[in-house]
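Participant: mind folding the following:
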Amino acid sequence: MQALAVINQFIVRGIELSSPILEALPALHVTIIGVVAAFFSAFAIYAYQKVNDAKEKLEDALKHSMSVSTPNTMMFNGNNIYVNEDGSLNWDNSGKEALRRATMLYSYLDYEEKYGIPRSSHQSEPSSEDVISACNELFSLFTTIFTTYPFWNNNLVHIEGQTDKVAKLCSKEFDAKRIQEMHRIVSYLNWTWNTNNRSLMTLASYAIEFTKQKQLKEQTEMFEKRMAEMPYQMDENEKQKIWKQFHLPRINKVTDFQGVFVSYFEKSHVVEKEVIPLLSVAISNFNTYNETFRVKETTLKVITLIMFNMLFGVLLPLVTLNLLVGVQFEWSNFWFSSFEYFVLFLTMFPYLWAGKFLFDKVKKLNFA
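Facilitator: Modelled structure (predicted):
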């Protein structure tokens with residue numbers, strides 16, 4: 001009130017209040033804002049295109065890598081020992097141990113081929129149960145590796161108590177750390193194949209043979225039991241027809257472990273030689289542009305700065321000047337000049353709204 005009284009006294013005495021600084025501020029700030037906005041618009045468009053192009057290339061690389069590394073054949077066990085409680089791959093313990101057991105069963109073949117060291121007479125042949133079990137475990141391990149972190153899940157793992165955790169880990173952002181973990185796993189797989197491919201192929205061959213023998217025995221016993229329970233004696237042609245139609249297909253329905261192993265080791269080789277370099281370059285380019293331009297962060301700062309200057313460098317000086325150089329400050333005169341304020345705020349509002357709208361849009365970008 002005292003300040004208004006002082007102003008009124010100056011006005012009553014015929015002294016017109018004015019401020020060159022306040023008069024110059026609106027035009028000065030509008031000019032500077034126009035120059036900054038024009039320059040920054042060109043920069044933002046260029047930077048956004050660069051970052052967005054790098055992001056699109058990264059997304060294309062991820063899609064390609066995902067399609068290449070997704071298994072063609074899979075086998076899941078009810079209690080998957082290769083998945084930890086948190087959904088991560090139990091690679092260093094259960095995974096490597098399964099590979100070691102599988103390669104050791106016929107490891108003498110690789111030593112014999114590479115070093116000319118024959119099998120020791122004290123080394124016994126593995127049992128059919130051990131061979132089949134080792135192949136099933138290896139098949140399950142390969143399936144788990146390529147459907148858990150650091151690879152992709154693609155909603156392929158559906159195991160009670162593990163599915164959500166595995167999917168959550170696989171949905172994490174793909175970064176250099178994930179690529180390193182992927183490389184660590186596939187490089188070990190490729191080393192295993194290069195040094196033990198003969199023993200693994202022999203293991204798979206015997207597993208196929210032993211599985212057929214096992215199923216032949218089971219189906220023969222089932223067939224003979226079925227024939228014994230028949231109320232009448234069947235001739236040989238009818239027996240052969242039943243055997244070929246119901247039992248023989250089950251004997252021949254055996255997992256091709258050799259094809260499975262070759263497929264997964266080839267996939268591992270492709271991941272190391274093709275997928276990892278592709279992802280490394282794409283991630284590196286995206287991170288370089290993203291960190292260099294920092295489009296989101298810079299744009300938000302510039303918008304905030306422009307809005308601040310619009311409010312306190314343009315709008316506030318205009319209101320202050322109107323109070324200083326206008327009519328004597330009385331409520332009656334204030335209401336007469338209210339139309340000026342209405343026009344001022346009405347025409348300034350779209351700029352403030354546009355700034356807020358742009359700020360919210362930029363804030364949602366997945367850029368730095």
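
Participant: what comes up buried for the strand or helix carrying residue 140?
Facilitator: Secondary-structure assignment from DSSP states H and E places residue 140 in helix 128-145. Judged by neighbour count using 16 or more other C-beta atoms under 10 Å, the buried positions of helix 128-145 are 130-132, 134-145. Any C-beta I mention is one placed from the backbone N, CA and C, and that applies to glycine too.

Participant: other SSEs contacting it?
Facilitator: Here helix 128-145 is seen to pack against helix 96-104, helix 176-228, helix 257-270 when contacts are counted using 3 or more C-beta pairs under 8 Å, 6 or more residues apart in numbering; DSSP states H and E.

Participant: what's the least confident stretch among the ones you listed?
Facilitator: By mean pLDDT, the lowest-scoring of the helices and strands packed on helix 128-145 turns out to be helix 176-228, with a mean of 89.

Participant: and the helix or strand just after it, average pLDDT?
Facilitator: Elements were assigned by DSSP H and E; along the chain past helix 176-228, the next helix or strand is helix 236-242. Helix 236-242 comes out with an average pLDDT of 75.

Participant: ok so, going back, run the chain-centre distance for the helix holding residue 140.
Facilitator: Average the C-alpha atoms of helix 128-145, do the same for its chain, and the two points are 28 Å apart (C-alpha atoms, centre = their mean, to the nearest Å).

Participant: following the chain onward from that helix, which element is next?
Facilitator: The element immediately downstream of helix 128-145 (helix or strand, assigned by DSSP H and E) is helix 163-170.

Participant: could you export that next one as PDB, CA atoms only?
Facilitator: Presented in PDB, the C-alpha positions along helix 163-170 are these (Å, rounded to 0.1, in the frame of the first residue of the first chain):
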ATOM      1  CA  THR A 163       8.200 -67.800 -16.400                       C
ATOM      2  CA  ASP A 164       7.600 -64.300 -15.100                       C
ATOM      3  CA  LYS A 165      11.100 -64.000 -13.600                       C
ATOM      4  CA  VAL A 166      12.800 -65.200 -16.800                       C
ATOM      5  CA  ALA A 167      10.700 -62.800 -19.000                       C
ATOM      6  CA  LYS A 168      11.400 -59.900 -16.700                       C
ATOM      7  CA  LEU A 169      15.100 -60.400 -17.000                       C
ATOM      8  CA  CYS A 170      15.000 -60.800 -20.700                       C
END
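
Participant: just the buried residues of it, please?
Facilitator: Of the residues in helix 163-170, those scored as buried under the neighbour-count criterion (16+ other C-beta under 10 Å) are 163, 165, 166, 167, 169, 170.

Participant: the inter-axis angle of it versus helix 176-228?
Facilitator: For helix 163-170 against helix 176-228, the angle between stretch directions is 150 degrees (axes from the mean of the first three to the mean of the last three C-alpha atoms, to 10 degrees).
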